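**Q** Predicted structure and sequence below. I'll ask about it afterward.
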Amino acid sequence: MTILQPKEEKKYIRDDDEAYRQLRTNIEFSSISSEIKVLVVSSADSAEGKTTTVVNLAKVMAASKKRVLVIDADLRVPDIHKVYNLSKRVGLTNALLEYGTEDFDLLKYIHLVKVPNGINSLSVMTAGPSVPNPLEVLSSKRFVELMHYLREQFDFIVLDSAPILPVSDAISIGQVTDGLLFCFASEQSHKERAKQALLQLERTGVKVIGCCLTLIRKKNSPYDYYYYHYSKGSKKPTSFGSKLKRKRRKTTPVQ
């Protein structure tokens, strides 16, 4: 397996890890009765900091856990392969198609990535080729079985997912994980939309372990920063999702 060096994507991967270390600590102590080993990260809408949370949380987790896996389970607008400069030609959808057959070999779907200032390398599973029915794929019995298998192979797994309100993908994923981390973007997320998303998660039995506040504007600074439990993180990313959101703002009148 080749160890890859990700591109210098400062919009996603940060050298200042203190905020994410605090987030890691809060996650580890969020449940006394059971360990949080498989976690999905989502938000009410797109471009609210979930992908940045995934990659940086995985980085600090790799400092204390040897086997950490990042999975891009956003099969609609995947971004993880862009962050690590990887191909998504082979990934999650391939693994799901071949799981349980003689063609299945976990190493085929995994990229080993050396993160900046990281102690252990990260295992990364990109989204793989696009499928016409993401929700059906993520709610399938085979996805459940694959996640059970991966749980035994890794110390910690974090999944990026599609936002909650537009589609139900995150709910299907959340039902086979130990919990969901909900991202709320300061000065961008709509409170009512966030409430609606959290209510939807509650109704469907998805365990929300906590909320992560992102995109707080630092005082006396022209830049936007991520804050996790009152610590600073990184500059606001420009992803495909955020571009779509800006486009909607230009064409949708203020209510």
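**A** The structure has been received and is ready for your questions. Numbers count the residues shown, from 1 in each chain.
**Q** use CA for all of it now, contacts and neighbours both
**A** Will do.
**Q** other SSEs contacting the longest helix seen in the chain?
**A** Assignment by DSSP state H gives helix 50-64 as the longest helix of the chain. Packed against helix 50-64 by the contact rule (3 or more C-alpha pairs under 8 Å, 6 or more residues apart in numbering; DSSP states H and E) you find helix 18-28, strand 38-43, strand 68-72, strand 122-125, strand 156-160.
**Q** per-residue confidence for Gly118?
**A** Model confidence at Gly118, given as pLDDT, is 71.
**Q** what number of residues lie near it?
**A** Other residues within reach of Gly118, judged by other C-alpha atoms under 10 Å, total 15.
**Q** Okay, now the unreliable bits of the stretch 101-250 of the chain?
**A** For the stretch 101-250 of the chain, the stretches flagged by pLDDT under 70 are 117, 216-250.
**Q** just the helices in it please.
**A** 134-138, 141-153, 169-174, 191-203, 240-251 (DSSP state H, counting those that start in this stretch).
**Q** out of those, which comes closest to Leu39?
**A** helix 169-174 (7.9 Å; C-alpha to C-alpha).
**Q** show me what contacts Glu48?
**A** 183-185, 188-189, 214-215 (C-alpha atoms under 8 Å, 6 or more residues apart in numbering).
**Q** So of these, which two are at opposite extremes in space?
**A** Cys183 and Gln188 (11.4 Å).
**Q** Between these two, which is the more surrounded one?
**A** Cys183 (27 against 12).
**Q** Name whatever forms a beta bridge with that one.
**A** Cys183 has these beta-bridge partners by DSSP bridges: Ser43, Cys212.
**Q** measure it to Lys50 for me?
**A** Using C-alpha to C-alpha, to the nearest Å, we find Cys183 at a distance of 6 Å from Lys50.
**Q** shared neighbours, those two?
**A** 41-43.
**Q** top of those by neighbour count?
**A** Top of the shared contacts of Cys183 and Lys50 by neighbour count (other C-alpha under 10 Å): Ser42, with 31 neighbours.
**Q** Contact partners for the most centrally placed residue in the chain?
**A** Centroid check for the chain by C-alpha atoms, centre = their mean gives Asp160 as the closest residue, at 2.5 Å. Taking C-alpha under 8 Å, 6+ apart, we find Asp160 in contact with 40-42, 50-51, 54, 70-74, 80.
**Q** can you do 7 Å?
**A** Residues near Asp160 by C-alpha atoms under 7 Å, 6 or more residues apart in numbering: 40-42, 51, 54, 71-74.
**Q** just to revisit the earlier point, among the contacts of Glu48, who's most crowded?
**A** Thr214 (29 neighbours).
**Q** In contact with Lys59, which residues are there?
**A** Counting by C-alpha under 7 Å, 6+ apart, Lys59 has contacts 115, 118.
**Q** The nearest residue to Ser161 once chain neighbours are set aside and Leu135: what is the separation?
**A** Excluding the flanking residues, the one nearest Ser161 by C-alpha to C-alpha, 6 or more residues apart in numbering is Asp74, at 4.2 Å. From Asp74 across to Leu135, the span is 10 Å (C-alpha to C-alpha).
**Q** More neighbours: these two, which one.
**A** Asp74 (23 against 18).
**Q** Stretch 165-173: end-to-end distance?
**A** End to end - C-alpha to C-alpha - stretch 165-173 spans 14 Å.
**Q** where does it sit relative to the chain's centre, distance-wise?
**A** On the basis of C-alpha atoms, centre = their mean, to the nearest Å, stretch 165-173 sits 13 Å off its chain's mean C-alpha point.
**Q** buried residues in it?
**A** Across stretch 165-173, burial judged by 16 or more other C-alpha atoms under 10 Å covers 165, 168-173.
**Q** of the residues you listed, closest to His148?
**A** Among these, and counting by C-alpha to C-alpha, the member closest to His148 is Ile173, at 12.2 Å.
**Q** Can you name the residues that contact the closest one?
**A** Counted by C-alpha under 7 Å, 6+ apart, Ile173 has contacts Leu138.
**Q** on that earlier part again, from the contacts of Glu48, which land in strands?
**A** Judged by DSSP state E, strands contain the following of the contacts of Glu48: 183-185, 214.
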